[in-house]
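Engineer: got a structure for you, letters missing:
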Ligand SMILES: Nc1ncnc2c1ncn2[C@@H]1O[C@H](COP(=O)(O)OP(=O)(O)OP(=O)(O)O)[C@@H](O)[C@H]1O
């Protein structure tokens, strides 16, 4: 089998009780690319992952690995025959097997010694060299998820599908486990799907992002394009809180050139720039340092906006400041576009 082929969905749908929860979705997962599938609760993300994994049949369309059809209506290649690694939020380790035996489970076709050696290599790669004999209940959540990652990658799968794999981890562990897991996945050079509801995780982790809502993919492509060239206000908002305003309400001078009358403007909080010489003045309603950035709530005429500025000494509440919009982070949509 070609283990460096794209895993792809072609116009797939899945219907429950007469409702399509995945509706005509096409998604290409190229090898060596981590794709985040981002959307709110009930968007259909897990269902799409399950269709790609073969855990559920498609009602229409096809799932393919390269040009090989894995699923089509009436035909679902069994998950264990797809050579696709799966990682879920709940780790799903076998409780009666040690860490090493859990990894060895996917290597059952190999001579025992070879499987042991590969399992041991994976454990040490993920910082668990000393825990090979531990049972899942003796491991922390972060350690269990590392074992699950090793178990999924050890058999050299053709692709890997992850459903909120880091959400169950303590925030202090999440970053490091995610980094190690994604580095191992990148090294494997296979298609990878990361289902998440967290825009920060998608932006931190993924090369490509697909935004899903109500069973549809609204936009997909390189993460940078989705962030900087959203095709609608709702897509812009899916990657983090934004300011949305009618062009008609906007004081002139905030953006050059001015947006057309009747359009809607969406501005990312970090797209509001403080500029003493700007003609538009705003009053700072509140100012709070939130880590690397300060969050300002601003009143500019009839408009209230939220700005994120990279300053620990940002203006205090009550200050009058000049503001303008960064054109790269201010998006104009024709009226009626969502
Ligand atoms: N087996 C099922 N039978 C009927 N409806 C289902 C089934 N599985 C999922 N659904 C429904 O399909 C819709 C999409 O669910 P899905 O789990 O794919 O969404 P999701 O985007 O992964 O959401 P979450 O982030 O909350 O897990 C939901 O409305 C859900 O209730």
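Structural biologist: Everything's here; your move. All figures in this text were calculated on a predicted structure; none of them were measured in a lab.
Engineer: so which residues on the stretch 151-300 of the chain come close to the ligand?
Structural biologist: Listed as neighbours of the ligand in the stretch 151-300 of the chain under the rule C-beta under 6 Å from any ligand atom: residue 197. All C-beta atoms are positioned from the backbone trio N, CA, C, and that covers glycine.
Engineer: ok, the stretch 1-150 of the chain next?
Structural biologist: 16, 21, 39, 41-47.
Engineer: could you single out the nearest of those to residue 234?
Structural biologist: Within those, proximity to residue 234 (C-beta to C-beta) peaks at residue 39, which comes in at 10.8 Å.
Engineer: who are the contact partners of the closest one?
Structural biologist: Taking C-beta atoms under 8 Å, 6 or more residues apart in numbering, we find residue 39 in contact with 45, 197, 211-213, 238.
Engineer: quick one: residues contacting residue 225.
Structural biologist: Neighbours of residue 225 in contact, by C-beta under 8 Å, 6+ apart: none.
Engineer: and the next helix or strand past the one helix or strand it maps to?
Structural biologist: Using DSSP states H and E, residue 225 sits in helix 223-228. Scanning forward in sequence from helix 223-228 by DSSP H and E, the next helix or strand is helix 233-238.
Engineer: can you count the residues close to the residue of the stretch 101-250 of the chain found nearest the ligand?
Structural biologist: Closest to the ligand within the stretch 101-250 of the chain is residue 197: 5.1 Å, counting by C-beta to the nearest ligand atom. By other C-beta atoms under 10 Å, 16 other residues sit near residue 197.
Engineer: same check, this time on residue 198
Structural biologist: Residues contacting residue 198 under the criterion other C-beta under 10 Å number 15.
Engineer: for residue 25, same thing?
Structural biologist: By other C-beta under 10 Å, the residues close to residue 25 number 25.
Engineer: same deal with the one 10 residues further on?
Structural biologist: When counting by other C-beta under 10 Å, one arrives at 24 neighbours for residue 35.
Engineer: cool, and residue 128?
Structural biologist: Neighbourhood size, residue 128 [other C-beta under 10 Å]: 22.
Engineer: now for it: which residues touch it?
Structural biologist: Contacts of residue 128 (C-beta under 8 Å, 6+ apart): 99, 143, 146-147, 150.
Engineer: where are the low-confidence patches of the chain?
Structural biologist: 1-3, 91, 336-338 (pLDDT under 70).
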